[in-house]
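**Q** The sequence and its predicted three-dimensional model are supplied below.
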Amino acid sequence: DQLYDNVTYTGWHTGYPDAPVRVLPQTARELPQEGNTLLFLAEFAGKAEEVCPRGTLRRVIERAKSQGFKAFGACEFEFFVFNEDPNSVREKGYRDLEPISPGFFGYSMLRNSLYSDYYEELLDMAREMDFPIEGLHTETGPGVLEAALAVTDVLGAADRAALFKTYTKVMTERRGWMATFMAKWSPDWPGQSGHIHLSLQTLDGGPVFYDPSKEYNISDQMRWFIGGQQALMPELLAMVACTVNSYSRLIPGFWAPTEASYGIENRTCALRAIPGSAKSQRVEYRVAAADINPYIALAAALGSGLWGIENRIEPGKPLTGNAYDQKLPAKRQLPRTLFEAAGRLKKSKAARDLFGDAFVDHYAATREWEEREFRKAITDWELQRYFEII
C-alpha cells in the first residue's frame, strides 16, 4: 500500500481520518474455502462517495436510467499462471519465472485436459461465489489463460470482475502457483487484455443496440454510443489504462489498439461492434487490459457511450483490414504515457460532466503520483543500454 501525497480529499493535511462506508447486504457471498465466512462489498459514503470507484460507476448507471436505459456488461480477462510463489518471485527479482506450461498453445485441447483439475476448481469457485465464468481456455503464450465472465447488469459485472481477479489469485496461490493480471509482464509475450462488453436495453427490456432495418443491425443509438466512446477514449484513457505498465501493452503488433479506432468484427480496432441478435448485439471496448479497476473502467466505457447518445456523436468510418496499417487523425491518437493520459483527463470537460470534479481531480492526481514514483526507478533497459557505453 502507498500513501498519495498530492490529493485533496485526504492526506497529512487532514490527519488521515477514517472514511465512512456503506455495507451492501445484496452483495453477500459465502467463501467456500473459509468455513463459509460471509463476504460483503461496500462503498465509501459521505464526502468520500465523490471519489469512490463503485459510487462513480453507480452514478453513471443512474445517468443511463435517466435516459431510459438499463446497461448490461461483462469482462473477459487474460492472465498468466506461474509455477512460483510470493517468495520465489521476489527471490528471482520477478525475472526468469516459470510458467505452468511452455510454448504457444492458444485454445489448446491438450493444455485444457492436462490442467482440467485447475479449470474445474476455478469454475466451481466462480459459480459458488456468483461470478460465473462463461468460457475458460488457454490463450497465446506460455501459461496464459482467458476467462470470459457471464453477462449481468453493469454494476454486478464490475463486482464480478473485482471478485474474479482477487479470488483467482487466492485459489491459484493455494495450489502453490501464482497468477498475474499485469497488462504486460514480459516484453517477449503479448499483453493481457481485460476487454469490456456492453449493451443497452430500454427500461422495459427492449433492445437498444439492435435494429434489423440497419446495416449490421446497428441502431442509431448504438452508432452514437460507439461515437462517444471513440471521441472520448483519448481523454478518458487514464481511467482504463490505469498503470504505468498499461502503456507497454498499447503498442503495434501485440493485439492491443494504439488509436481510438472502430470496426465491425475487427479485432485490430479499439472498438469492435459485434452484430448479433436483439439479445447479443453489443460493443467490445478492447483498449482495456487485465490490470483495470473494473468500476472505473466500466464507468469510462459506459459513460462515454451515453455521452455519445446524448450528443448524437457519429463515429468515424468503420475500419476494415488491419487497423495498425491505417493512420487516423490526430484527435484519435491515444496518450502514450500515464502522465499524459492523466493530464488529458484533468482537462476533459466531458469527464467532469460525467464523473464530477471531485473524482476527476482526485483520480488524475493519483495517476500523476504513480508516474512520478515510476520515474524514481532505474529499469533493466537503462542499465543494459547505458551502464558501459556512456
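**A** Yes, it's here. Numbers count the residues shown, from 1 in each chain.

**Q** contacting residues around stretch 80-91?
**A** 92, 97-100, 118, 141-145, 172-173, 176-180, 185, 189, 192 (C-beta atoms under 8 Å, 6 or more residues apart in numbering). Heads up, the C-betas are built off the backbone N, CA and C, glycines and all.

**Q** Name only those of those residues that count as buried.
**A** Buried members of the contacts of stretch 80-91, counted by 16 or more other C-beta atoms under 10 Å: 97, 99-100, 118, 141-145, 172, 177-180, 185, 189, 192.

**Q** Return the subset of those residues lying in strands.
**A** Residues of the buried ones among the contacts of stretch 80-91 located in strands (DSSP state E): V144, L145, M178, A179, T180.

**Q** any idea how far M178 lies from P142?
**A** 14 Å (C-beta to C-beta, to the nearest Å).

**Q** Hmm, I typed the wrong one, I wanted W177.
**A** For W177 relative to P142 (C-beta to C-beta), the value is 13 Å.

**Q** quick check, distance from stretch 299-312 to the centre of its chain.
**A** A distance of 17 Å separates the centroid of the chain from that of stretch 299-312, by C-alpha atoms, centre = their mean, to the nearest Å.

**Q** those helices in the stretch 51-200 of the chain, which residues are they?
**A** Assigned by DSSP state H, counting those that start in this stretch, the stretch 51-200 of the chain shows helices spanning 53-66, 86-91, 109-114, 116-128, 154-174.

**Q** Among those, show the one with the smallest mean pLDDT.
**A** Sorting the helices of the stretch 51-200 of the chain by mean pLDDT places helix 109-114 lowest, at a mean of 85.

**Q** Can you show me the CA trace of that helix as CSV?
**A** The C-alpha trace of helix 109-114 is given here as CSV (Å, rounded to 0.1, in the frame of the first residue of the first chain):
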residue,chain,number,x,y,z
MET,A,109,-7.4,-29.1,-26.0
LEU,A,110,-4.2,-30.6,-24.8
ARG,A,111,-3.4,-28.0,-22.2
ASN,A,112,-7.1,-27.8,-21.2
SER,A,113,-7.1,-31.5,-20.5
LEU,A,114,-3.8,-31.5,-18.7
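
**Q** So what touches it?
**A** Contacts for helix 109-114 (C-beta under 8 Å, 6+ apart): S101, F105, Y119, H137, T138.

**Q** ok, now which ones touch Q281?
**A** Q281 neighbours (C-beta under 8 Å, 6+ apart): S199, P207, F209, Y210, N217, I218, M222, I274, P275.

**Q** Just to check, P257 is in contact with R267?
**A** No: P257 is beyond contact range of R267, at 9.7 Å (criterion: C-beta atoms under 8 Å).

**Q** Please enumerate the shared neighbours of these two.
**A** R286.

**Q** Could you check which of the two has the larger neighbour count?
**A** Higher neighbour count among P257 and R267: P257, with 25 against 12, using other C-beta atoms under 10 Å.

**Q** which residues sit in contact with that one?
**A** L250, T268, C269, A270, R286, V287, A323, L334.

**Q** so which of those residues would you say is closest to N293?
**A** Nearest to N293 out of the contacts of P257 is V287 (C-beta to C-beta; 14.3 Å).

**Q** which among the contacts of Q281 end up buried?
**A** S199, P207, F209, Y210, N217, I218, M222, P275.

**Q** Just the ones of these in helices?
**A** Members of the buried ones among the contacts of Q281 lying in helices (criterion: DSSP state H): M222.

**Q** And the strands in the stretch 251-390 of the chain, which stretches?
**A** 262-264, 271-274, 282-285 (DSSP state E, counting those that start in this stretch).

**Q** Of all those strands, which one is nearest E76?
**A** strand 282-285 (8.8 Å).

**Q** Would you mind checking the average pLDDT for the closest one?
**A** Strand 282-285 comes out at a mean pLDDT of 98.

**Q** coming back round to it: any chance of the strands of the stretch 251-390 of the chain in CSV, with distance to A161 too?
**A** What follows is the strands of the stretch 251-390 of the chain, written out as CSV (distance: least, C-beta to C-beta, whole Å):
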stretch, distance to A161
strand 262-264, 24
strand 271-274, 19
strand 282-285, 13
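
**Q** And the contacts of helix 109-114, which two are furthest apart?
**A** F105 and Y119 (13.8 Å).

**Q** overlap in contacts of these two?
**A** Joint contacts of F105 and Y119 (C-beta under 8 Å, 6+ apart) do not exist.

**Q** Longest strand in this protein, please.
**A** Longest strand in the chain, counting by DSSP E: strand 69-82.

**Q** what number of residues lie near the closest residue to I133 other than its chain neighbours?
**A** Distances taken as C-beta to C-beta, 6 or more residues apart in numbering place A126 nearest to I133, at 4.6 Å, with adjacent residues excluded. Each residue near A126 was counted by other C-beta under 10 Å, and the total is 23.
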